[in-house]
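Participant: model this:
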Amino acid sequence: MTDSLKKEFWDRLEDTRTGMLSAGSAPAVPMSHFVEDDSTAPFLWFITAKGTALAEAAATGADAQYIVSTKDEQLYARIDGRVQAVNDPAQLDRIWNVMADVWFDGGKHDSDVQLLRMDLKQAEVWLTDGSIKFLFEVAKAHLTDQQPDVGQHGTVHF
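Facilitator: Residues are numbered from 1 along each chain as shown. Okay, the predicted model is just below:
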C-alpha cells in the first residue's frame, strides 16, 4: 500500500497549488508550492519575501510543516520536513509565474524575493474519492452498521 499511496500522493499534490506552510516559530501562512519529485530526495519549492517570519526560519534550516487540502476533497496531507533559504536563479526562473509576480514590484529580479526549499521527511496522507463518495459511504454505514470506506490513509516516508 505504501508505494501506491506515495505515487497517488505525488500525483494529487502536483494537481494542487496551495497549502499552509509553517516553520520554526513562524505561524502557518498560505503558500503556493512547486513539486520537485526527485525519487531519491523529493522536495517542495516556495517563493516568499525576505524579512518574513518564514524566510527568517528558513535561514536557520528550521523544521517545517505544510498542510494541504484540495478543493475537490480528494487529498488531505500534513507534510513534515526542513525548510532552507536558497539562492538559485535558474530554479527561480523555472518556477516563477504570474501569481508570484503580483507580490514583487521588480518581478523575479526584485531584491526582496526569497526562494525556499522544503526537504521532506514524511507525510501523513488521506486520499478520498471526494465528498459525494464520502457522503454515500456515511449513509451506507448508517444502514449497515459498518465503518465507512473513506479512502486510503497512511504515512509516506521520504
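Participant: so residue 104: helix, strand or coil?
Facilitator: Counting by DSSP: H, G, I helix; E, B strand; the rest coil, the backbone at residue 104 sits in coil.
Participant: below-threshold pLDDT in the protein: ranges please.
Facilitator: 1-2, 37-40, 130-151 (pLDDT under 70).
Participant: distance of residue 27 from residue 6?
Facilitator: 29 Å (C-beta to C-beta, to the nearest Å). Quick note: C-beta positions are derived from backbone N, CA and C, even for glycine.
Participant: the more surrounded of these two?
Facilitator: residue 6 (17 against 10; other C-beta atoms under 10 Å).
Participant: identify the bridge partners of the nearest residue to that one once chain neighbours are set aside.
Facilitator: Closest residue to residue 6 apart from its sequence neighbours, by C-beta to C-beta, 6 or more residues apart in numbering: residue 156 at 4.7 Å. Under DSSP bridges, the beta-bridge partners of residue 156 are residue 123.
Participant: burial check on residue 156, number of neighbours?
Facilitator: 20.
Participant: touching, it and residue 3? I think so.
Facilitator: No - with contacts counted by C-beta atoms under 8 Å, residue 156 stays clear of residue 3, the gap being 9.4 Å.
Participant: and the helices in the chain?
Facilitator: For the chain, helices defined by DSSP state H occupy the ranges 2-14, 53-59, 89-95, 98-101, 131-144.
Participant: ok, back up a step: now do the contacts for the residue nearest to residue 6.
Facilitator: 2, 5-6, 9, 122-123, 125 (C-beta atoms under 8 Å, 6 or more residues apart in numbering).
Participant: same question for residue 101.
Facilitator: Shown in contact with residue 101 (C-beta under 8 Å, 6+ apart): 107-108.
Participant: what about the residue nearest to residue 68 when sequence neighbours are not counted, distance to residue 106?
Facilitator: The shortest distance from residue 68 to any non-neighbouring residue, by C-beta to C-beta, 6+ apart, is to residue 19 (4.0 Å). Distance from residue 19 to residue 106, counting by C-beta to C-beta: 26 Å.
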